[in-house]
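*Asks:* From the sequence below, what's the structure:
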Amino acid sequence: MLTTKLINPEIMEALAYCGHGSKVLIADGNYPLAQKSGSAKKVYVGIMPGMPTVTDVLKAIHSVIEVEKAEVMVPGEGPEPEIFQEFRDELGLELSGVGRYEFYDKAAEPDVCLAILTGEKRVFSNILLTVGCA
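*Replies:* A predicted model of the protein is given here:
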């Protein structure tokens, strides 16, 4: 039996193929994953609205990989989404913010190895992680 927090076999397999600089997208339930994640391995983990959250998946993934950079989709106006502080708390990193369409472009680049769609209902709860060195 696995003794890590992350037990999803599809996600574990995809992460095993990642190297330094590879990227992993964790997206909310509203994200157009099929159209905006390029050739990345797509894994759909949402089981019902709100489950699991992006932060649940982030914690599991962060338990098995180092993250050197995190990019988020920022709204055009209004306050910063509350989930951004949850990302900072988990990763211990500052976030790089990009606009919605730039984020879609980045998430479809060839270096994105894995794209995960969650059941997260909060908008702008998408994060693009760059894998660091072990």
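
*Asks:* For this structure, just list every one of the strands.
*Replies:* Assigned by DSSP state E, the chain shows strands spanning 23-27, 41-44, 67-73, 96-98, 112-117, 127-131.

*Asks:* and the longest one, which residues are buried?
*Replies:* Under the neighbour-count criterion of 16 or more other Cβ atoms under 10 Å, strand 67-73 has V67, K69, A70, E71, V72, M73 buried. Every C-beta, even on glycine, is put in place using the N, C-alpha and C of the backbone.

*Asks:* from these, which single one is nearest A34?
*Replies:* M73 (17.1 Å; Cβ to Cβ).

*Asks:* The nearest residue to the closest one once chain neighbours are set aside: neighbouring residues, count only.
*Replies:* Sequence neighbours aside, F103 is the residue nearest to M73 in space, at 4.0 Å (criterion: Cβ to Cβ, 6 or more residues apart in numbering). By the measure other Cβ atoms under 10 Å, the count of residues near F103 is 23.

*Asks:* before we move on, what about S37?
*Replies:* Counted with other Cβ under 10 Å, S37 comes out at 22.

*Asks:* That one touches V112, doesn't it?
*Replies:* Yes - look at S37 against V112 with Cβ atoms under 8 Å: they come within range, at 6.4 Å.

*Asks:* hey, what's in contact with both of those two?
*Replies:* The overlap between the contact sets of S37 and V112 (Cβ atoms under 8 Å, 6 or more residues apart in numbering) consists of L25.

*Asks:* Geometric centre of this protein: which residue is closest?
*Replies:* Geometric centre of the chain, nearest residue: I26, 2.1 Å, by Cα atoms, centre = their mean.

*Asks:* Would you agree that residue is in contact with G119?
*Replies:* No - when contacts are counted by Cβ under 8 Å, I26 is not listed as touching G119 (11.8 Å).

*Asks:* Setting aside sequence-adjacent positions, which residue approaches Y44 most closely?
*Replies:* That would be L117: by Cβ to Cβ, 6+ apart, it lies 4.9 Å from Y44.

*Asks:* where's that neighbour relative to V57, distance?
*Replies:* 10 Å (Cβ to Cβ, to the nearest Å).

*Asks:* If anything else comes up later, I'll come back, but that's it for now.
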